[in-house]
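Trainee: only the shape, not the letters, is given here:
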């Protein structure tokens, strides 16, 4: 027990004494459903936010690896034929998607490229009166980020896969533009 307490205390001291570079930003783009998800939803607008944290060494150099906390929301556009079927049944044609995740981003030392991987919580409220379903998933992506000390701009492509309740598997592709404020 004493060893566990000492390890936690050492980690907290290290965390408190470290210098960090952070980037708080907004994300906007499109969600492209894949697989069975594409039978019920079309390309939909996606908006979100992210917070990236990078270690800074004693010389002021920012580490190539960072931690990213991110989340987003989409009003799901319904496939035309599916929407007509829902209207005939008197059900709502509106669907919603929400995700919240954490991941690691590795930046290239020579180019403004990065690779990201992480895990996320997903809440899907599909069109119709089925109700919301929840689950967890994984995400991998590739991006380009360029900027100044005052502003970072980027684009990112991510593939998300999630296992939801009721044996629902969800796959989609996100194509995103980001703007971030380093501090």
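Mentor: Received the coordinates, thanks. A quick note: this is a predicted structure, and the numbers were derived from the prediction, not measured. Numbers count the residues shown, from 1 in each chain.
Trainee: now do the helices in this structure.
Mentor: Ranges of helices in the chain, per DSSP state H, are 2-17, 80-89.
Trainee: poorly predicted segments of the chain, please.
Mentor: 1, 3-4, 7-18, 58, 79-93, 128-130 (pLDDT under 70).
Trainee: would you map the strands across it?
Mentor: For the chain, the strands defined by DSSP state E occupy 19-34, 44-56, 62-76, 95-107, 113-125, 133-147, 152-164, 168-182.
Trainee: number of residues surrounding the residue lying closest to residue 149 once chain neighbours are set aside?
Mentor: In this structure, residue 149 finds its nearest non-sequential neighbour in residue 182, 6.3 Å apart by CB to CB, 6 or more residues apart in numbering. All C-beta atoms are positioned from the backbone trio N, CA, C, and that covers glycine. Neighbour count for residue 182, taken as other CB atoms under 10 Å: 17.
Trainee: swap in residue 110?
Mentor: 5.
Trainee: please apply the same query to residue 150.
Mentor: 8.
Trainee: what sits against it?
Mentor: 181-182 (CB atoms under 8 Å, 6 or more residues apart in numbering).
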